[in-house]
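Q: Give the three-dimensional model of this entry:
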Amino acid sequence: MGNVEKRIYGLQFWLLCLSSFLFFASFNMVIPELPDYLSSLGGEDYKGLIIAIFTLTAGLSRPFSGRLADTVGRIPVMVIGSLVCVFSGLIYPFVGSVFALLLLRFFHGFSTGFKPTGTSAYIADIVAFNRRGEALGVLGVCASTGMALGPSIGPILAARFSLDFMFYTSSVMGLLSVLVLVGMRETVSNKVPFRWGLLRITRKDIFEPRVIAPSIVLLLSVYSFGIILTVIPDFSLHLGLENEGKGLFFTYFTIASILIRFIAGKASDKYGRPGVLKISTIGITLAMIYIGFAEQPWELFLGAGLLGLAAGMNAPAAFAWTIDLSHPTRRGKAMATMYIALEIGIGLGALISGWTYANDPSNFPLTFLIGGLFAFASFLYLLFGNYQKKIMEENL
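A: Residues are numbered from 1 along each chain as shown. I've put the predicted structure just below:
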C-alpha cells in the first residue's frame with residue numbers, strides 16, 4: 001500500500017486530523033436545530049427520521065465507498081464525502097416542506113458514508129500496527145472536537161444571525177475539509193481510474209467476515225448514540241435549556257470523550273481491544289440509565305460526561321480492532337462493513353427512540369433505558385461470545 005512511511009504524527013496524519021475536524025464540525029453543526037426546523041414545517045412526528053434517514057444512506061453507500069477506497073483511492077472517497085456536506089449546507093435554506101427536508105437528509109447521509117471510510121483506511125496505511133489504537137485515539141480527538149464545536153456553535157449562529165447563516169457556515173466547513181485534502185498523498189499504489197463498473201456491487205463487496213466481532217459490538221453499543229442525537233435536543237428543552245443551551249450536552253459529552261481518548265487508545269494497544277471494550281460498554285450502559293432519570297440540567301451534563309468517557313474508550317478500540325483483523329488489500333471493505341454496522345445501530349437507535357419518546361416527556365426514562373440494554377447486550381457478547389474462535393478461523 002503505497003510508499004508513505006509508516007510513522008505516527010507525520011504531516012499526512014495531521015492533515016487528515018484537520019480535515020476530519022472540519023468535516024465533523026460541518027455536518028454536526030445543524031443537528032441541534034433540525035428537530036425545531038422539521039417541526040416548523042409541520043413534521044414534528046418525524047423527528048426520529050432526521051437521523052435514521054441520514055444513517056440509512058450512509059449505510060447503503062458503505063459498500064460503494066469501501067470498494068472505491070480500495071481501487072480508485074482513499075483521497076477521492078474522502079473528497080466525495082466532504083463535498084456532499086458542501087452542497088447540503090447550500091441547499092438547506094431552500095427547503096420548504098417535510099418531504100424536501102427528509103430527502104435532503106437522505107442525500108446528506110452520503111457524506112458519512114464516504115469520508116470516514118476513506119479516512120480509516122488511510123490511517124491503517126500510514127500508521128504502524130502497534131500504534132493504531134493510539135493513532136485512532138488522536139484522530140478521534142480531532143473528530144470529537146469537531147463534533148463538539150459543531151453542535152455548540154450551530155445554535156449560537158442560528159440565534160444571533162439566522163438559521164440560513166448556520167447552514168452556510170456548515171457548507172464552508174465542508175469546503176475547508178476538501179481543501180486540506182488537496183495537499184495529501186495517495187496511499188493506494190495500484191489504484192485504477194474510475195469506471196461505472198466499479199459501482200457494480202455483489203454480496204462479497206458488502207460484508208467482510210473477518211471483522212464481524214467488532215461490527216457486532218459497535219452495532220449494539222452505538223444504538224445509544226442514535227438516541228442521543230434524536231432525543232437530547234427535546235430533553236434539553238424539557239429541562240429548561242433553550243437556544244445556546246441545546247448544544248451544551250454535546251459539548252460536555254465531547255470534552256469527556258477527548259480527555260479519555262489519549263489514554264484509551266494506548267490502553268487498547270497494550271492490553272487488547274476486547275478488554276477495553278468490555279469496560280466501555282458497561283460504561284455506556286450505566287450512563288444511559290443515569291441520563292434517563294436526570295431531572296436537573298447539571299444531572300444531564302454529568303450524564304453527558306459519563307457517556308463521553310465510555311464512548312471515548314469504545315470507538316478507538318473498536319476501530320483499531322477492525323483494522324487489526326482486516327486484510328491489507330481489503331481494508332476499505334472491512335471498514336465499510338464496520339461502518340454499515342455502526343450506521344445500522346445509530347439508525348435503529350434514532351428510529352426506535354423517536355417512536356418510544358413520541359413527543360411525550362414521560363417516556364424519556366424508557367427511551368434511555370432501552371439504549372442501556374443494547375449496550376449491555378454488547379458487553380455480554382464480549383464476555384460470552386465465541387468471537388475469538390471465529391476470528392481465528394477467518395484468519396487461517
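
Q: Enumerate every residue touching Arg105.
A: Taking Cβ atoms under 8 Å, 6 or more residues apart in numbering as the definition of contact, the neighbours of Arg105 are Leu34, Leu49, Ile50, Ile53, Phe54, Thr57. From N, CA and C alone the C-beta is placed, and that goes for glycine too.

Q: What's the separation between it and Ile53?
A: Relative to Ile53, Arg105 is positioned 5 Å away (Cβ to Cβ, to the nearest Å).

Q: before we move on, what about Phe23?
A: With distances taken as Cβ to Cβ, Phe23 is found 19 Å from Ile53.

Q: who's more crowded, these two?
A: Phe23 (30 against 23; other Cβ atoms under 10 Å).

Q: In this structure the more buried one contacts Ser82, no?
A: Yes: with the criterion set as Cβ atoms under 8 Å, Phe23 and Ser82 qualify as a contacting pair; they are 5.5 Å apart.

Q: where do the helices sit along the stretch 201-350 of the chain?
A: Chain-ordered helices for the stretch 201-350 of the chain, with DSSP state H, counting those that start in this stretch as the definition, fall at 203-206, 212-221, 223-238, 248-271, 273-292, 297-325, 331-357.

Q: typed the wrong thing, it's the stretch 51-200 of the chain
A: 74-91, 98-108, 110-126, 132-160, 163-181.

Q: Indicate which one of these is closest to Val192.
A: Each of the helices of the stretch 51-200 of the chain was checked against Val192 via Cβ to Cβ, and the shortest separation belongs to helix 74-91, namely 11.3 Å.

Q: what is the orientation angle of that closest one with helix 98-108?
A: 160 degrees (axes from the mean of the first three to the mean of the last three Cα atoms, to 10 degrees).

Q: tell me the angle helix 74-91 makes with helix 331-357.
A: Orientation of helix 74-91 against helix 331-357 (the same axes, to 10 degrees) gives an angle of 30 degrees.

Q: for helix 74-91, packing partners?
A: helix 11-28, helix 47-71, helix 98-108, helix 110-126, helix 163-181 (3 or more Cβ pairs under 8 Å, 6 or more residues apart in numbering; DSSP states H and E).

Q: buried residues in it?
A: For helix 74-91, a neighbour-count test (16 or more other Cβ atoms under 10 Å) marks 74-90 as buried.

Q: how near is Leu49 to Pro209?
A: In this structure, Leu49 and Pro209 are 31 Å apart, going by Cβ to Cβ.

Q: Give me the more crowded residue out of those two.
A: Using other Cβ under 10 Å as the criterion, Leu49 and Pro209 rank with Leu49 on top: 22 against 14.

Q: Near the closest residue to Ile51 other than its chain neighbours, how many other residues are there?
A: Counting by Cβ to Cβ, 6 or more residues apart in numbering, the nearest residue to Ile51 once its immediate chain neighbours are dropped is Ala350, at 3.5 Å. For Ala350, the number of neighbouring residues by other Cβ under 10 Å comes to 28.

Q: got it, and Arg195?
A: 10.

Q: With Gly272 instead?
A: Neighbours of Gly272 under the rule other Cβ under 10 Å: 15.

Q: for Leu199, same thing?
A: Around Leu199 there are 12 other residues, counting by other Cβ under 10 Å.

Q: Was I right to think it contacts Ser65?
A: No: in terms of Cβ under 8 Å, Leu199 does not count as a neighbour of Ser65; the distance is 10.6 Å.

Q: Could you list the low-pLDDT ranges of the stretch 101-250 of the chain?
A: Scanning the stretch 101-250 of the chain for pLDDT under 70 picks out the ranges 129, 132-133, 202-206, 243-246.

Q: Try it again at 80.
A: Screening the stretch 101-250 of the chain residue by residue with the criterion pLDDT under 80, one finds the ranges 124, 127-138, 140-141, 144, 147-148, 152, 183, 189, 194-208, 242-247.

Q: so what sits against both of Phe23 and Ser82?
A: When contacts are counted by Cβ under 8 Å, 6+ apart, the set common to Phe23 and Ser82 consists of Ser111, Lys115, Gly174, Ser177.

Q: Could you pull up the contacting residues of the closest residue to the second one other than its chain neighbours?
A: Spatial nearest neighbour of Lys115, chain neighbours left out: Gly81 (2.8 Å); criterion: Cβ to Cβ, 6+ apart. Taking Cβ under 8 Å, 6+ apart, we find Gly81 in contact with Phe23, Ser65, Phe110, Ser111, Thr112, Gly113, Phe114, Lys115, Pro116, Thr117, Gly118.

Q: any chance of the shared contacts of Phe23 and Ser82 in a markdown table, plus neighbour count?
A: Shown next, in a markdown table, are the shared contacts of Phe23 and Ser82 (neighbours: other Cβ atoms under 10 Å):
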| residue | neighbour count |
| --- | --- |
| Ser111 | 27 |
| Lys115 | 31 |
| Gly174 | 27 |
| Ser177 | 29 |
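
Q: Now flag whichever of the residues you listed is closest to Met335.
A: The shortest separation between Met335 and any of the shared contacts of Phe23 and Ser82 is 11.5 Å, and it belongs to Lys115 (by Cβ to Cβ).

Q: Who are the contact partners of the closest residue to Thr281 other than its chain neighbours?
A: Spatial nearest neighbour of Thr281, chain neighbours left out: Phe379 (4.0 Å); criterion: Cβ to Cβ, 6+ apart. Residues touching Phe379, when contacts are defined by Cβ under 8 Å, 6+ apart, comprise Lys278, Thr281, Ile282, Thr285.

Q: so how far is Lys278 from Phe379?
A: 6 Å.

Q: still on that earlier bit, among the helices of the stretch 201-350 of the chain, which gets the worst mean confidence?
A: Here the helices of the stretch 201-350 of the chain differ in mean pLDDT, and the lowest is helix 203-206 at a mean of 68.
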